[in-house]
Every structure is written in structure tokens, then in C-alpha cells.
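Engineer: Need the 3D shape of this:
(one chain, ligands or ions: 2)
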Amino acid sequence: MMSRSATGRLRALTQTTARIVATRPNVLRTVAVPILNATRLYTTTVVPSTKKVIPYTVDKFPGHVRNENFKKITEQDVDFFKSLLGETGVVYKNEDDLFAFNTDWMNKFRGKSQLALKPKTTQQVSAIMKYCNDQKIAVVPQGGNTGLVGGSVPLFDEVVLSLQNMNNIRGFDDVSGVLSADAGCVLEVLDNWLGEKGYMMPLDLGAKGSCHIGGNIATNAGGLRLLRYGSLHGTVLGLEVVLPDGTILDNMATLRKDNTGYDLKQLFIGSEGTIGVVTGVSILTPHRSKAVNVALLGLNSFEDVQKAFTHSRKELSEILSAFEFWDINALEMFKKHAVTKAAMENEYPFYVLVETSGSNKDHDDEKLNNYLEKMMENEVAQDGVVAQDETQIRSLWAIREGFTEALGKEPAVYKYDISMPVPKIYECVEDMRAHLTQGGVLGKPDSAVIDVVAYGHVGDGNLHLNIAANRHDKKTSELIEPYLFEWVAKHKGSISAEHGLGVAKNEFLGYSKSPVMINMMKTIKNLFDPNGIMNPYKYLPTK
Ligand SMILES: O=C(O)CC[C@@H](O)C(=O)O
Ligand SMILES: [Zn+2]
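Structural biologist: Ligands and ions are numbered 1, 2, ... in the order given. Now for the predicted structure:
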């Protein structure tokens with residue numbers, strides 16, 4: 001751990017496990033200090049609890065109307081699906097079993113589907129889609145169901161098409177690093193499997209223990225490694241997709257270069273199951289880094305967060321693999337719900353987590369130490385800890401990955417995932433706090449809003465603004481929306497940086513896309529899905 005004495009010199013702390021400390025400016029060394037004891041909050045399987053009474057989405061967020069062009073499921077339809085998938089591939093009219101398919105993991109959205117299907121092959125997915133298209137049965141493709149905008153659960157009686165039984169690894173080329181897998185493979189399972197071969201998945205999310213690679217692609221999930229490895233639009237080389245009419249689009253390419261025509265796969269990345277079902281993927285995977293370091297810094301202002309970020313790009317350059325931030329409010333929220341010891345002696349308004357990944361430990365250590373030393377010397381950072389082993393690395397990441405689940409334990413939470421120029425990020429948070437205080441819903445003991453907390457991916461200009469509340473009420477909702485979206489649009493940001501639109505953000509698309517663009521999106525949707533059966537009521541504005 002590093003800390004600054006009153007005289008501005010760096011000093012060793014007097015605690016007991018192991019870390020880096022600066023004894024005087026320019027010299028960093030490892031000393032005995034404690035590491036926090038944070039529990040990992042994300043459970044490996046996120047299953048909603050049936051014990052809680054969750055209101056239906058259509059009751060909680062009124063205004064949705066069932067499209068009566070869609071057929072209601074009959075016993076004959078169920079017989080067809082059973083003949084195709086067998087008894088075990090069909091879940092019908094069993095409230096308990098259907099609960100997990102109807103409810104998102106945050107227990108925020110709940111549909112009324114009576115039928116979930118669990119195909120094992122692409123051919124079965126194709127037969128299901130052909131049947132549903134012919135019969136005009138609405139379908140919601142579902143992966144690990146860890147989304148945050150209600151995109152993977154039905155609203156009314158749409159059939160849930162779960163990819164959970166399609167979880168085979170199809171192949172791996174250890175020269176090119178290209179992995180081919182079924183869409184239902186769990187991200188962490190793929191990452192562990194690749195780990196044994198010295199490779200890793202190019203994306204990492206807090207929900208890795210539950211989310212499916214197919215869902216990641218359908219939502220264009222960003223996550224914690226995007227800064228280093230880029231988005232799925234770059235790493236996905238090929239896709240296998242079943243179109244709404246059952247056609248199998250086999251584009252499982254493994255080529256890095258291919259300039260022959262429109263790059264069709266890109267359309268499906270981030271399409272949230274509205275134009276096809278992703279059933280297979282080939283993805284470029286990087287080598288697993290031999291040397292990984294994680295440092296946590298305490299800072300006084302968001303100005304300093306930005307300075308720390310700019311310096312990290314300059315000083316750490318090619319070994320920088322993540323740069324995440326959170327504010328003290330997020331940390332307090334984490335501590336409220338997790339068993340944890342403080343990572344630092346004092347508290348700071350802001351924290352950043354810096355990760356480096358490289359192939360030469362000595363080289364990386366030296367670079368990181370130089371960077372940290374500069375941050376301390378220049379008073380950009382007020383305090384810092386550096387993880388000494390894998391357990392400590394996981395403990396520091398557990399804080400960053402734990403905010404979502406901690407917030408999920410609050411009575412209600414308004415979640416926003418926005419991107420904008422980095423200097424604007426915290427202005428947005430402060431502005432929202434002032435706006436809610438002025439509006440009379442924040443700041444008093446009986447206020448509807450408990451706290452406004454902020455964290456996110458600084459390197460990607462992506463802020464996760466979360467407003468924890470005692471209840472969802474009209475006054476608070478109307479104060480937040482469309483105020484926040486107008487703010488984002490004014491600063492040329494995006495109303496959904498990485499979580500997608502689903503049923504939570506689709507009506508606000510106009511704040512991020514022009515009418516011309518929205519019309520073009522609608523044309524694409526109609527081209528692929530003229531009957532509109534794929535994940536209806538979501539993604540595009542309905543009003
Ligand atoms: O809870 C959220 O708002 C963000 C979830 C996820 O995108 C993250 O970065 O932790
Ligand atoms: Zn995120």
C-alpha cells in the first residue's frame with residue numbers, strides 16, 4: 001500500500017500482509033499491509049427466487065398492448081414441439097419451472113409465457129423458427145438471462161427459446177486462437193477452457209458465471225476488457241444464425257480478412273434477438289497474459305481520475321488492460337451489502353482500478369511502479385494498493401464487479417448505462433444529484449431516493465449511473481426521464497452504451513439516433529422478420 005504523509009512524502013503503512021509502498025518519492029517497495037477481504041458477490045448461477053412476488057412488466061410499466069396478430073399457443077403447437085424436442089425439451093404451463101424463463105435475474109421484469117423450449121441443435125432451432133413463423137407465434141430468444149434492460153424475458157405470452165442446452169465447444173485453432181462454440185456456452189466456462197490452452201476470452205463481465213456467449217453477441221456486451229481487446233464487432237469472426245423463417249445462415253468464418261460483400265454478421269451483433277437467433281460463434285481469442293497486476297488508487301476528484309487515466313495510457317500503454325472507476329457512494333453501497341474489510345485506511349471521493357496484462361513480469365512491475373510513483377508524487381492519487389497475488393487481484397476486482405448485485409439488494413433501482421466524452425461523465429452524476437434534490441426526492445431521511453451512485457469504464461467513456469430508491473414512484477421516474485436522456489443527447493452521448501435497449505430503453509432511441517437511422521433500422525427489421533415475431537415490443541420504438 002502507498003500512502004502520503006502530511007509532508008507530502010510517501011510512507012509505509014503499518015499493517016500486516018503484503019504490498020507495494022513508496023518509502024520516499026521515486027522508490028517503491030513491497031511491504032506488509034492488509035488486503036481487503038471482499039467476498040465475490042456474483043454467484044456462478046444467477047437464478048431468480050420464486051419466493052418473491054414479482055409484478056408483471058406489463059403491470060409495472062403500463063402502456064404495452066399485446067399484438068393480437070400473434071397466435072396464442074394451443075395443445076397442438078405443444079405436441080409439435082414435444083415431437084421435435086422430446087418431453088424434456090419443452091416446459092409448458094408449469095409456473096414454477098417457467099418462473100426462471102419469465103423473470104430477469106434482477107427480478108425487475110416478468111413475462112407471462114406459458115411455454116419455454118430448449119433445443120439441442122441448430123436444426124431444432126431452425127424447425128422451431130419455421131413453425132413459429134408459419135403460425136405467427138412470437139418468440140423471445142434467451143441466453144443466460146443476465147441482461148439489465150429486460151431484453152431476454154417475454155412481456156406477454158411469447159414463447160421462450162432458451163439456448164441453454166446448446167453448449168458444446170465446436171473447435172479451437174491454437175495457431176490463430178480462433179474458438180468456435182455453440183451460443184449457449186457460459187462465458188466463464190469458455191474462459192476457463194481456453195485458460196488451459198494459454199488463451200482467454202476477449203471479453204469479461206461480472207455476470208461471466210451465468211451469461212452465454214450467444215447472449216453476449218446478441219447484446220454486443222462490452223465489459224471490463226473492451227479497453228484492451230475492443231468490442232465484439234472486432235473479435236467475432238463468424239456467426240451461425242437461424243433467421244425468423246428457419247433459414248440457417250452459416251457464416252462461421254474464421255478468417256481475419258474477408259472483403260467479399262456486406263459483412264452480414266455485424267447486423268446480428270447487438271440486434272438483441274430481433275432479426276435472428278445466434279446459434280454458433282467463432283471468435284478470436286488472445287493469449288492469456290503471464291503477468292497481471294491490479295492496483296487500486298484513491299483520488300480526490302474526477303479531474304484526478306482523468307489525469308490518472310491519461311497518464312496510464314501514456315505510461316502503461318500496451319500493457320494497460322483495464323481502467324475502471326467508482327465513487328465513494330458506490331463503495332458505500334458495496335459495503336452495505338458485502339462482507340468486506342476496507343482496502344484502504346482512509347476513504348476517498350473516487351477510486352480507480354488499473355489492471356496491466358503483459359508477458360514479462362519484471363518489465364510490467366517496473367512500468368506500473370513508475371506510473372504509481374508519478375501518480376503519488378504529482379498528488380494525482382492520494383493512496384494506493386497493489387495486489388500481490390491472484391487472491392488479492394480477485395478481491396480488488398470483487399469490489400468493482402460487486403456493485404450491480406449490491407444495488408440489486410436495494411428496494412428499487414433506476415439503472416442507466418450511458419456513454420459520453422470522458423470529461424462530462426461526473427458532471428452528469430453531480431447534475432442528477434442536484435436535480436433530484438431540487439425536485440424534492442433526495443436528501444431528506446424520508447426521501448424516495450436513497451443514493452445516486454456512479455461507476456464505470458472510464459477508458460470507454462461509459463458511466464453506470466444507478467439511482468437506488470425506497471420505491472419506484474411516478475415523481476422520481478418523471479424527474480429522471482427524459483431529463484437524463486436530454487442531458488446525454490445534449491452532450492452527444494449514447495443512452496445505452498453497452499446494456500442495449502430491450503424494453504427499458506427502446507422508446508428513447510430517438511435521443512441517440514436520428515429519424516433517418518431509426519427508419520432504416522425498422523426497414524432492416526421488416527426485411528428479416530416481416531411477421532415481427534422476433535422479440536416483439538422491444539429494441540425499436542413502438543410508439
Ligand atoms: O450495474 C450496472 O449498471 C452495470 C453492470 C455492468 O455493465 C458493469 O460494468 O458492472
Ligand atoms: Zn459495464
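
Engineer: roughly how far apart are residue 368 and residue 345?
Structural biologist: 21 Å (CB to CB, to the nearest Å). Glycine gets a C-beta too; all of them are placed from N, C-alpha and C.

Engineer: Those two: which is more packed in?
Structural biologist: residue 368 (26 against 15; other CB atoms under 10 Å).

Engineer: what kind of secondary structure is the more buried one in?
Structural biologist: Under the three-state scheme (DSSP: H, G, I helix; E, B strand; the rest coil), the conformation of residue 368 reads as helix.

Engineer: list the contacts for it?
Structural biologist: Residues near residue 368 by CB atoms under 8 Å, 6 or more residues apart in numbering: 293, 295, 316, 319, 354, 356, 386.

Engineer: Next: residue 425.
Structural biologist: 302, 454, 456, 458, 461, 463.

Engineer: is it true that residue 370 touches residue 315?
Structural biologist: Yes - the pair residue 370 and residue 315 qualifies as a contact (CB atoms under 8 Å) at a distance of 6.3 Å.

Engineer: And the two? Which one has more around it.
Structural biologist: Neighbours were counted for residue 370 and for residue 315 using other CB under 10 Å; residue 315 has more, 17 against 14.

Engineer: Please give me every residue in contact with the more buried one.
Structural biologist: Counted by CB under 8 Å, 6+ apart, residue 315 has contacts 367, 370, 371, 374.

Engineer: May I see the ChimeraX selection of the buried members of those?
Structural biologist: Per 16 or more other CB atoms under 10 Å, the buried members of the contacts of residue 315 correspond to this ChimeraX selection:
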select :367,371,374
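
Engineer: Okay, buried residues for stretch 408-421 please.
Structural biologist: For stretch 408-421, by 16+ other CB under 10 Å, it's 408, 410, 412, 413, 414, 415, 416, 417, 418, 419, 420.

Engineer: Skipping adjacent residues, who's closest to the last one in space?
Structural biologist: If I follow you right, that is residue 420. Excluding the flanking residues, the one nearest residue 420 by CB to CB, 6 or more residues apart in numbering is residue 493, at 3.3 Å.

Engineer: Tell me the residues of the stretch 351-500 of the chain that contact ligand 1?
Structural biologist: 403, 404, 415, 417, 464, 466 (CB under 6 Å from any ligand atom).

Engineer: ok, the residue of the stretch 251-400 of the chain found nearest ligand 1 - contacts?
Structural biologist: At 7.1 Å from ligand 1, residue 400 is the closest residue in the stretch 251-400 of the chain, using CB to the nearest ligand atom. Contact partners of residue 400, counting by CB under 8 Å, 6+ apart, are 206, 224, 324, 326, 353, 455.

Engineer: May I ask which helix or strand encompasses the residue of the stretch 301-450 of the chain at minimum distance from ligand 1?
Structural biologist: Here the stretch 301-450 of the chain gets closest to ligand 1 at one residue, residue 404, 3.3 Å apart by CB to the nearest ligand atom. Applying DSSP states H and E as the criterion places residue 404 in helix 390-408.

Engineer: And the pLDDT at the residue nearest to residue 420?
Structural biologist: The confidence metric pLDDT takes the value 97 at residue 493.

Engineer: do the same with residue 16
Structural biologist: 27.

Engineer: what does residue 9 give?
Structural biologist: 28.

Engineer: How about residue 426?
Structural biologist: The model's pLDDT for residue 426 equals 98.

Engineer: Now for it, how many residues are close by?
Structural biologist: Residues near residue 426, counting by other CB under 10 Å, number 20.

Engineer: quick revisit: so how far is residue 425 from the residue nearest to residue 420?
Structural biologist: For residue 493, the distance to residue 425 - CB to CB - is 9 Å.

Engineer: anything in contact with each of these two?
Structural biologist: residue 461.

Engineer: mind checking which helix or strand the closest residue to residue 322 other than its chain neighbours is in?
Structural biologist: Spatial nearest neighbour of residue 322, chain neighbours left out: residue 355 (3.9 Å); criterion: CB to CB, 6+ apart. Using DSSP H and E, residue 355 falls within strand 350-358.

Engineer: Am I right that residue 73 falls within a strand?
Structural biologist: No - according to three-state DSSP, residue 73 belongs to no strand; its state is coil.

Engineer: Leaving aside the residues adjacent along the chain, what's closest to it?
Structural biologist: residue 115 (5.3 Å).

Engineer: Okay, and the beta partners of residue 140?
Structural biologist: With DSSP bridges applied, residue 140 shows beta-bridge pairing to residue 160.

Engineer: Tell me if I'm right that it and residue 273 touch.
Structural biologist: Yes - the criterion here is CB under 8 Å, and residue 140 meets it with residue 273 at 6.8 Å.

Engineer: joint contacts of those two?
Structural biologist: 152, 535.

Engineer: Apart from its neighbours in sequence, what residue is nearest residue 481?
Structural biologist: residue 508 (7.4 Å).

Engineer: so how far is ligand 1 from the one you found?
Structural biologist: For residue 508, the distance to ligand 1 equals 16 Å [CB to the nearest ligand atom, to the nearest Å].

Engineer: Okay, and which of the contacts of residue 368 map to strands?
Structural biologist: Using DSSP state E, the subset of the contacts of residue 368 located in strands is 293, 295, 354, 356, 386.

Engineer: Apart from its neighbours in sequence, what residue is nearest residue 158?
Structural biologist: residue 138 (4.1 Å).

Engineer: Equivalent analysis for residue 298, please.
Structural biologist: Nearest to residue 298 is residue 348, by CB to CB, 6+ apart, at 3.4 Å.
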